[in-house]
Structure formats: C-alpha cells, structure tokens
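Novice: Everything below, folded, please.
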Amino acid sequence: MWFECKCPSDNQALAVLWNLSLPHIAWGIWKERNNRVFRDLETPAFVVATTIHNAIKENFLHSYPSRKYDSPIPTLWEDSDTINRWQIDWNNANLVYKTNQCRQNVIWHPPPIGWIKINVEGAAKGNPGPAGCGRVAKNHFGLLVSMMALPLGTQTNHYTEASAAHFGLHMAKREGFTKVWLESVSINTVNCLSGRTDPSWIIASLIKDCRNIINELADFKILHIYREGNKVVDLLANLVVGYVATNWWSSRAAFPEKLWDLAHNVYYVNQ
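Specialist: Prediction:
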C-alpha cells in the first residue's frame, strides 16, 4: 500500500525513482553500519546521502537517457514535478548510530579433549565473483594443527560458503581426524549439514559429500559462529581470492604474522 501511494500510475518516472531508491538506500546504510562496527570508520551523513543520491541518479539516467540532440524538452531528472514528488530531503539526511547497545564477547573456544575444531569461511568479491575459502584446525589446547586456504575461481556467495565447509571436512578426513567440531559463519550451511534444511541444487552435491564424510567420523558437531569470532579464517579466505594455487600453513613460523596476532584478540558483536 505504501509503495503504491509513492508510485502513482500517472508518473512512471517516479515509480522508477522509488524502485531505485529503496535498495540503494538500504545498501548505503548497511555499508556505513559495517564500516562503523567492524572497521571503526565513520563517514559524515551528508557524504553517505550524496553517494546514495548520485548512485540513484546514475541508474535513473541509465533508465531514462538524457535529452536527445538539441531537443528543448528537459530530462526527466530535471522535471521538477517528478523530483518534488520524490519527497526525500537529501540535504538534511542524518544517520543515528546507537553506541549503547548490549555487547558480548565473541571469542574462539577450544574443543573438548581429543577433538579438533575446524573453523571455515568463504569469501567472494561479487555474487558471483572471485572467491576463496579458508580453514583453520586447532586442538583442545588451542594450538594450531594446520591452516589452509583454497582459491575457488568465480563463484556465488552461497556456493563459496558451502565449499568452505566441504574443504574443511575433506581435509579433516585427509589428516585423519576422527572427532571434528566444525564452526561456520554461514547459517544456511550449518542448517543444511545438521539436517534442519534441504540444500539448494547449487550446493546439493557438496552437502551430500560433506554428509558422507561426517558419517565416517567417530563424532561430529557443527555450530554457527559470528564472523567476529572467525576473523582469522575470514582474512585467510580473502587472502587467496584471485589466487591459483592452494596455500598451506602447518607451523607457527610459516603462519602469516598478522593472522597469528589477530588469532589471540577478543572480538565483539552487537546484539
């Protein structure tokens, strides 16, 4: 109902404006939120608003090209009636960021004695786009057993996260682990492997292979983890996006220094 009121049938250009506005505004605010939460970077509200406004304008002009030749008819972007009915005050845009939210520690915990905990994550620069995945295996002392990263070529986000779990379990079998605790940031992957949801056809073969490996293990557990507690694997996956060869680290000396230091930090997540 709200959208129908904002997009009257007598003005197709206005309907296009609103169709472009909602996703661009949501995406712009989401990016700014993530920059403030995860990177401690804050962009002034008017800059965020201007960036969103320019993106909408660019896409709008692509849908309605500018005036042709020397026609005196103005572009629809210059049509004051359409713009006035748009009713977004870009000059006074404001972003309210609540800093008094409840926060909890999100930290990696070692598995029980005799278990190996494997953290996995995928990264894709686009959907689809250049992708990679990483996995880190540690024992109950919290000591590094092995760390690997695998470039995946061009993949979707969905496929990349499932590939990360498949990669982690495949290497667990190869290394002879029998009690495996898997942690992934992908709720969808966790739900598929735990049997709560059925996988889509895109990842069905990966999930099936994962389940076959799980059935061969003496014991298995899978849980979702926030990305803040999986930061090392996140950076690891991003490290090999665009690479060709698989990267393997099995010792402290070979472990990338910045990732080793990061593995011992405490991370936070907004609740």
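
Novice: In terms of secondary structure, what does the strand ranked longest in the chain contact?
Specialist: When the chain is parsed with DSSP state E, its longest strand is strand 144-155. Strand 144-155 sits against strand 116-124, strand 129-138, helix 157-174, helix 231-239, strand 247-249, with contacts defined as 3 or more CB pairs under 8 Å, 6 or more residues apart in numbering; DSSP states H and E. In this view, the C-beta of every residue, glycine as well, is placed from N, C-alpha and C.

Novice: Most tightly packed of those?
Specialist: With neighbours taken as mean count of other CB atoms under 10 Å, the helices and strands packed on strand 144-155 reach their highest mean count in strand 116-124, at a mean of 26.

Novice: who does it touch, helix- and strand-wise?
Specialist: Going by 3+ CB pairs under 8 Å, 6+ apart, strand 116-124 lies up against strand 129-138, strand 144-155, helix 157-174, strand 179-184, helix 231-239.

Novice: Helices of this structure, residue ranges please.
Specialist: 2-6, 12-38, 45-63, 80-86, 157-174, 187-193, 204-216, 231-239, 257-262 (DSSP state H).

Novice: how about the third one: buried residues?
Specialist: Spelled out, it's helix 45-63. 48-49, 52-53, 55-56, 59-60 (16 or more other CB atoms under 10 Å).

Novice: closest one to Asn212 among the helices and strands packed on strand 144-155?
Specialist: Asn212 lies closest to helix 157-174 among the helices and strands packed on strand 144-155, at 9.3 Å (CB to CB).

Novice: Give me the angle between that closest one and strand 129-138.
Specialist: Orientation of helix 157-174 against strand 129-138 (axes from the mean of the first three to the mean of the last three CA atoms, to 10 degrees) gives an angle of 30 degrees.

Novice: So which other helices or strands are in contact with helix 157-174?
Specialist: Packed next to helix 157-174, using 3+ CB pairs under 8 Å, 6+ apart, are strand 116-124, strand 129-138, strand 144-155, strand 179-184, helix 187-193, helix 204-216.

Novice: among those, where is the model least confident on average?
Specialist: Across the helices and strands packed on helix 157-174, strand 144-155 has the smallest mean pLDDT, namely a mean of 86.

Novice: what lines up beside that one in the sheet?
Specialist: Taking DSSP bridges as the criterion, strand 144-155 sits next to strand 129-138 (antiparallel), strand 247-249 (antiparallel) in its sheet.

Novice: Low-confidence ranges, the stretch 151-271 of the chain, go.
Specialist: 244-271 (pLDDT under 70).

Novice: Nice, that's everything, thank you.
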